[in-house]
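J.: Build me a model from this:
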Amino acid sequence: MARIKNVDVLGGKLFPSILRFGIPLLLVALIQTLFNAVDIMVLSQMANNNAVASVGATSTIVSLIVNLSLGISMGAKIVLARLIGEGVREKTQQTVFTTIVTAIILGVITMVVGITIAPLFLRLTNCPSEIYDGALLYLQIYFAAAPAIMLYNFGSNLIRVSGDSQRPLYYMVASGLLNIVLNYILCLIMTEKVAAVAIATAASQVLGAVLVLRRTLVMDNDCRLCIRSSKWNWRSFYKIMANGLPIGFSSSLYSIANLQIQTALNSFGPDAIAGNAAAVNIEAITGSIANTPWTATASVFIGQNVGADNKKRVKQSILLCGAIALSLSLIIGAVTIFFSAPLLSLFVDTEAAVRYGQTRMLYIVIPYVIAAFNGLLGNAIQAFGYSIFSTLNSIFSVFVFRMIWMNNIYPLCPTFHVLMQCFLVSWMITAVLNTVFFFYLYYGKFKKNKIKKMG
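T.: Reported below is the predicted structural model:
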């Protein structure tokens, strides 16, 4: 196999570089989403709607953990991208070591806290009694893999920021294939199907973490993990957390705000929970093609070129990544809506569940271009080093607004349509605030050379 060559983020033709970097990210996100969807598909084939609903009832708290992990790991990516651009090698290596240690520590803390609060979460969201035991079992097994989830997310971001977006793709394929194989094998030999898919998911996360950790130890650039010659650095930790915690917190606010939405959703019964879970998986596929890879690519290209003070390349990175993300959002969203019924039928087996899924997609998939717009500007704001703006935005447009909606608007007309409309209006408010914050940073800070340095 030909040797993998890292993408030159700071030089060369920009559009081909963005494609070379972004397409592997697209494949990673798409494969990860498809592999995650396998849990639901296997359950729908080998169990019943209650098993599907059991996994669906855990989606909010699972998203909370994933978003927190990804958010904080973004802090490491932002810091490393800027340090690479600024050319400070020693600080880069200190930050790499601190990143991996931080991932392990946070993973252990998340595992202990998650397993402890799982029953409380299910009670707070009024999880239906017929799916409570399955949902609790799934959460407990999932949280047991939290250290691996943290290590994979932190480590893969570390690899990508060095310019290598291909190897995380290979690792995702390997872990995803393991997930599929174990899903079917364990569902065939175990009577508790929910536990079977949870164990398969946990095992795949562990494999991904091992592969990522191994790669960080043998890389031939400044992002290599040097255990013997590096040591924990409190300043690096502070920088990671200062940039990552606001992102993790703002991402977690979505899940926290959605707890009340999840409670209302549970009141519609297992068909609504299963249909919603099916729609979420389809939406994730849309996002993995049109949003996630290109906004993540923008983050790396903007971050490194801000560090190198290449203003022209920063502007071009924003425009090119934005054009790709917005165009794909419109195209993929239209296709997904057109085929909504057969797609949802892959995950659920009742007409009622399909109808609930289609209702959700009406308010989420059609206007998904707004989510792509928010992802682009949000990542640009974070790459400039002002993650606190993302937190302020999320506090108002997500946490506060969704609480207001659920306590004052939804009770006036407690239908599934009004419940889903909450997401759309929240996105629109987020877009307005992101636009204001972005133009302030771009023209008021970056163009005037007032962006703070990481080194």
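
J.: Which residue ranges of the stretch 1-150 of the chain form helices?
T.: Remark: helices assigned in the stretch 1-150 of the chain by DSSP state H, counting those that start in this stretch are 14-46, 49-56, 59-86, 89-124, 129-144, 146-161.

J.: Out of those, which gets the lowest mean score?
T.: Note on the helices of the stretch 1-150 of the chain: helix 49-56 shows the lowest mean pLDDT, a mean of 74.

J.: OK, contacts around Ile84?
T.: Shown in contact with Ile84 (C-beta atoms under 8 Å, 6 or more residues apart in numbering): 92, 161-162, 222-223, 304, 307. Any C-beta I mention is one placed from the backbone N, CA and C, and that applies to glycine too.

J.: do you know how far it is from Ile302?
T.: 13 Å (C-beta to C-beta, to the nearest Å).

J.: Ok, Ile364 next?
T.: From Ile364 to Ile302 the distance is 27 Å (C-beta to C-beta).

J.: Compare neighbour counts for those two and give me the winner.
T.: Shown here are Ile364 and Ile302; by other C-beta atoms under 10 Å, Ile302 has more neighbours (29 against 23).

J.: show me what contacts the residue nearest to the more buried one when sequence neighbours are not counted?
T.: Beyond its immediate neighbours in the sequence, the residue positioned closest to Ile302 (C-beta to C-beta, 6 or more residues apart in numbering) is Ala383, lying 3.9 Å away. The contact partners of Ala383, taken as C-beta under 8 Å, 6+ apart, are 78, 81, 298-300, 302-303, 306.

J.: Dump stretch 413-422 to CSV, keeping only the CA atoms.
T.: Taking Å, rounded to 0.1, in the frame of the first residue of the first chain, the C-alpha atoms of stretch 413-422 are listed here in CSV:
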residue,chain,number,x,y,z
CYS,A,413,-50.6,22.8,21.7
PRO,A,414,-48.9,19.6,22.9
THR,A,415,-48.6,17.8,19.6
PHE,A,416,-45.6,16.0,18.1
HIS,A,417,-45.4,18.7,15.4
VAL,A,418,-45.0,21.5,17.9
LEU,A,419,-42.5,19.5,19.8
MET,A,420,-40.3,19.1,16.6
GLN,A,421,-40.7,22.8,15.7
CYS,A,422,-38.7,23.7,18.8
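
J.: Show the average pLDDT along it.
T.: For stretch 413-422, the per-residue pLDDT averages 94.

J.: Run through who's touching that stretch.
T.: Residues from elsewhere that reach stretch 413-422 (C-beta under 8 Å, 6+ apart): 261, 264-265, 268, 272, 356, 359-360, 362-364, 402, 405-406, 409-410.

J.: Kindly supply the ChimeraX command isolating those of those residues that are buried.
T.: A single ChimeraX command is used to select the members of the contacts of stretch 413-422 judged buried by 16 or more other C-beta atoms under 10 Å:
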select :261,264,265,268,272,356,359,360,362,363,364,402,405,406,410
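
J.: now, which of the contacts of stretch 413-422 sits nearest Arg20?
T.: Ile364 (30.5 Å; C-beta to C-beta).

J.: Now do the closest one against Gln32, distance only.
T.: For Ile364 relative to Gln32 (C-beta to C-beta), the value is 19 Å.

J.: ok, and the closest non-adjacent residue to Thr350?
T.: The nearest residue in space to Thr350 (C-beta to C-beta, 6+ apart) is Asp271, at 5.8 Å.

J.: and that neighbour, what helix or strand is that in?
T.: Element membership of Asp271 [criterion: DSSP states H and E] is helix 270-290.

J.: now that helix and helix 14-46, what's the angle there?
T.: Counting by axes from the mean of the first three to the mean of the last three C-alpha atoms, to 10 degrees, helix 270-290 lies at 160 degrees to helix 14-46.
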